[in-house]
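**Student:** Need coordinates for the following:
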Amino acid sequence: MVETSPVALLNHLFSISRLLAGQLDFRSAILAVSTEISQILPHDHLDVCILRYDGQFHTAYESGIETDWGKQPHAPIANSPIRALLQGEVDHILTQDACTDPRFQFAGGFYKPIHEHGLRSRIHVPMMVHGEVIGAFSASLQRVGGYGPEDVHHARYIADLLSPYFFALRAAEQAQRSAIIEAEARAREEGLRLGALKLTAALESERQRIGMDLHDQTLADLTRLTRHLERLPHGGPAHAEALEPITRGLQRCMHDLRQIIEQAKPSLLQLFGFAHAVEHHLSRSIRDSGQNIDWTLDDVSGGAFDALEPTVSVALYRIAQEAINNAVSHAEAARISVQLSATPGQISLAISDDGKGIAKKRTRVGSGIDNMKTRARLISARCTLAAGIGGAGTSVGIMLPLAAAMQAVAE
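**Tutor:** Coordinates of the predicted model:
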């Protein structure tokens, strides 16, 4: 205990107040005043413990001996050796030897630093603003019996001086954190809005493409066949012979309609699963292109893709279709590989080729690449473009955290 006259005590408190001015964070504030505090209250270890707004966690800011208390940004109050003080059950704690005091040792309590650093004599007083406990001011000595009742009074003076300043720092920190969270939320909302606009534009473009296919091809064929029927002679062998080309034409129209419907609704995905649908699209695309392209599909996902919600599964299938179409139509590739994989927290889809690379492909605004990225973002997946097989060509990668997939469906 240090004998301090009222005048000297007041001068030290004024000095602490001046040293606090201009300090913009908790750690710098406690470091700035620790030396002056030692003139009133000698200590080997000093800390200010500030409660979080949720009332369940706290953060310690230390001076002097550095302990594990100061290394935990959000420590639970339930495990604190001074939880009774933080919860308002006592108005101070004074101990002559914390290493033997049962108040500091309980099941689940984080009192290890007391023994590691020999913090024996200890004082703890609450920091209060408007009758609310916002934290605790603590001082410790490594010798036994270092503090008495007078030191408790001095500790209260110091805590009363620090409390308003640390309360303001906590409010400023919370305001900054809230501003960051709000800015991030607005950015996500704007990203989703733009993504939805791009997807809407892509869907509108697809609708127009289907309409043009039906108008320019199927409808024209049906109109031609109808006029041919109107000119047919009625009855006789000539009638039967004339029907044969019309029958072939109708069969071709039905085939074309099936192709259009298949592109609009991935029935294979629903009937036979993700891997089979992607494999079918890959083999058919290569066959229809007339190119000699080697391809492989490696599914090591353990069925994870088939366990996804239909909305997410269809989005991934559309991305796979677009990536395969790009590789077949534009890459001039000799090899294409598709890999489906899964880990406990993530599924991955990769479509790679050994072609001429993304820089030489068509990448105009609104292209398939933009559509893939937009579809990925709307299901909270990450779309990446990298070098493909053997360092050549392009690899389109889709990484989807399973938690994000569940959130995308919920939203």
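**Student:** C-alpha only now, for contacts and for neighbours.
**Tutor:** Fine.
**Student:** Point out where this structure drops to low pLDDT.
**Tutor:** Applying pLDDT under 70 to the chain flags residues 1-4, 196-197, 199-243, 246-247, 254-255, 257-267, 359-367, 403-411.
**Student:** Now do the helices in it.
**Tutor:** 6-20, 26-40, 83-86, 112-116, 149-213, 220-230, 237-264, 267-272, 274-289, 310-330, 368-378, 402-410 (DSSP state H).
**Student:** Mean neighbour count added to the ones you listed, as TSV?
**Tutor:** Below are the helices of the chain laid out as TSV (neighbours: other Cα atoms under 10 Å):
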stretch	mean neighbour count
helix 6-20	15
helix 26-40	19
helix 83-86	20
helix 112-116	15
helix 149-213	15
helix 220-230	13
helix 237-264	13
helix 267-272	14
helix 274-289	17
helix 310-330	20
helix 368-378	21
helix 402-410	14
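**Student:** and residue 130, which of these is closest to it?
**Tutor:** The closest of the helices of the chain to residue 130 is helix 149-213. By Cα to Cα, the value is 9.5 Å.
**Student:** Report all helices and strands that that closest one contacts.
**Tutor:** The contact analysis (3 or more Cα pairs under 8 Å, 6 or more residues apart in numbering; DSSP states H and E) places helix 149-213 against helix 6-20, helix 26-40, strand 121-129, strand 132-141, helix 368-378.
**Student:** Could you provide the ones you listed in JSON lines, with additional columns for distance to residue 68?
**Tutor:** JSON lines is the format used below for the helices and strands packed on helix 149-213 (distance: least, Cα to Cα, whole Å):
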{"stretch": "helix 6-20", "distance to residue 68": "25"}
{"stretch": "helix 26-40", "distance to residue 68": "15"}
{"stretch": "strand 121-129", "distance to residue 68": "17"}
{"stretch": "strand 132-141", "distance to residue 68": "15"}
{"stretch": "helix 368-378", "distance to residue 68": "40"}
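**Student:** In JSON lines, list the helices of the chain along with distance to residue 354.
**Tutor:** Formatted as JSON lines, those follow (distance: least, Cα to Cα, whole Å):
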{"stretch": "helix 6-20", "distance to residue 354": "64"}
{"stretch": "helix 26-40", "distance to residue 354": "55"}
{"stretch": "helix 83-86", "distance to residue 354": "63"}
{"stretch": "helix 112-116", "distance to residue 354": "59"}
{"stretch": "helix 149-213", "distance to residue 354": "28"}
{"stretch": "helix 220-230", "distance to residue 354": "39"}
{"stretch": "helix 237-264", "distance to residue 354": "26"}
{"stretch": "helix 267-272", "distance to residue 354": "27"}
{"stretch": "helix 274-289", "distance to residue 354": "15"}
{"stretch": "helix 310-330", "distance to residue 354": "9"}
{"stretch": "helix 368-378", "distance to residue 354": "17"}
{"stretch": "helix 402-410", "distance to residue 354": "30"}
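**Student:** how about the closest residue to residue 384 other than its chain neighbours, what does it touch?
**Tutor:** Nearest non-adjacent residue to residue 384, counting by Cα to Cα, 6 or more residues apart in numbering: residue 397, 5.1 Å away. Each residue near residue 397 by Cα atoms under 8 Å, 6 or more residues apart in numbering is listed here: 348-351, 382-386.
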